[in-house]
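Trainee: sequence? don't have it. structure:
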């Protein structure tokens, strides 16, 4: 890509978005334009820099070439991003690549907000891509658009699959699936559009660090809830968990997107070695937490029948996911992504004991979960130590 052609990034104040920004600043020479909303108490640029400093530290961010980083004060939820007409028109000629990582990630909320930010905003970006300089659009979707299961013997969701109808477990998945449907026709027409479907984005593989608002993440709340409950849901034989470190996800997305020979395709950004949830619960026990699997025939009844305060606190974190345990999730295939990354040196770390320990250590360090020692003495019918 021509070094003078800019990269347009939404979601830089998020977690994966901030890692994408780091990739751009450290591995390209392009100017980077981050679309960010200002707030009454903090300017748009300050929001980007504060988030980056929290995640990467002052020294890393200070080394970025500041002259290449531009923060555009606007909102993807408004037409023309809320910019004055002359600013929007000028921006249309500066950009060559769009990376759309902004989204409402909560699983429940106001449906109209999900629709505007996660769906209608993509329509605006499609228009932006076709106005002025022709731009490539890289859309960050989610593997949750697989639905709860796939209708094939191996329960696989591949990079060729594009479900037109799925069972929506929540408003977030509904909005992300509707967004993908907007891209199906232009993708089939050969437009320069790429859909990246990340799995469960976890902390940095080197140090376990996660985003500042850790309580806003469904995967972490899921683990925290069951640790506090000292109880895990019933398991299916193919009940796998995807654990995708954020540093791998960002490196893979940017490498794939920025190649001149990368056409319009779907890429699954997930761990090629999913781990059985039973193995995760086993490791959590080895870490020191008294957790056990409850039989499926009594799970839904028993989790609602406890007066233990710690158990109830954990239950609040997983309550909205109880119905999900009735079916195992799809198994994700990432063959195209892995083939394209062959020889680049970009590999997803295996979800082994060392990686899981880094994640749990970080959660303990930031007091997201109590230490195993603090959990002892909270005996319940599930977690009572013998």
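Mentor: Thanks, I have the structure now. What you see is a predicted model, and the numbers here were worked out from it, not measured in a lab. Residues are numbered from 1 along each chain as shown.
Trainee: switch to C-alpha atoms for all contacts and neighbour counts from now on
Mentor: Fine.
Trainee: Point out where the protein drops to low pLDDT.
Mentor: Applying pLDDT under 70 to the chain flags the ranges 1-4, 104-110, 148-153, 296, 299-300, 302-307, 316-328, 377-386.
Trainee: who are the neighbours of the one helix or strand residue 374 maps to, in terms of helices and strands?
Mentor: For residue 374, the enclosing helix or strand under DSSP states H and E is helix 372-375. Packed against helix 372-375, as judged by 3 or more CA pairs under 8 Å, 6 or more residues apart in numbering; DSSP states H and E, are no other helices or strands.
Trainee: again, only this time at 10 Å
Mentor: In terms of contacts (3 or more CA pairs under 10 Å, 6 or more residues apart in numbering; DSSP states H and E), helix 372-375 is packed against helix 218-229, helix 277-287.
Trainee: quick one: contacts for residue 134?
Mentor: 92, 93, 95, 96, 97, 128, 192 (CA atoms under 10 Å, 6 or more residues apart in numbering).
Trainee: Return the member of those nearest to residue 166.
Mentor: residue 192 (26.0 Å; CA to CA).
Trainee: ok, how many other residues are close to that closest one?
Mentor: Applying other CA atoms under 10 Å, we find 18 residues neighbouring residue 192.
Trainee: who's in contact with it?
Mentor: So residue 192 contacts 97, 129, 134, 135, 136, 137, 138, 186, 262, 263, 264, 265 (CA under 10 Å, 6+ apart).
Trainee: how near is residue 286 to residue 56?
Mentor: 30 Å (CA to CA, to the nearest Å).
Trainee: try residue 196
Mentor: Where residue 56 is concerned, residue 196 sits at a distance of 24 Å (CA to CA).
Trainee: who has more neighbours, these two?
Mentor: More crowded of residue 196 and residue 56, by other CA under 10 Å: residue 196, with 26 against 14.
Trainee: Can you pull the phi/psi pair for the more buried one?
Mentor: phi -110, psi 120 (degrees, to the nearest 10).
Trainee: neighbours of the closest residue to residue 361 other than its chain neighbours, just the number please.
Mentor: Spatial nearest neighbour of residue 361, chain neighbours left out: residue 208 (7.6 Å); criterion: CA to CA, 6 or more residues apart in numbering. Residues within reach of residue 208, counting by other CA under 10 Å, total 19.
Trainee: is it true that residue 208 touches residue 245?
Mentor: Yes - counting by CA atoms under 10 Å, residue 208 touches residue 245, with 8.6 Å between them.
Trainee: Could you say which of the helices and strands packed on helix 372-375 is packed most deeply?
Mentor: Highest mean neighbour count among the helices and strands packed on helix 372-375 (mean count of other CA atoms under 10 Å): helix 218-229, with a mean of 22.
Trainee: Next secondary structure element downstream of that one?
Mentor: strand 231-232.
Trainee: Let me know the next secondary structure element after that following strand.
Mentor: strand 240-241.
Trainee: ok, residues contacting that next one?
Mentor: 199-200, 219, 271, 273-280, 328-332, 351.
Trainee: let's see 7 Å
Mentor: 274, 275, 276, 277 (CA atoms under 7 Å, 6 or more residues apart in numbering).
Trainee: repeat for stretch 358-369
Mentor: Residues from elsewhere that reach stretch 358-369 (CA under 7 Å, 6+ apart): 203, 207, 208, 209, 224, 370, 371.
Trainee: So the third one versus residue 347, what's the distance?
Mentor: Counting by CA to CA, the gap between residue 208 and residue 347 amounts to 17 Å.
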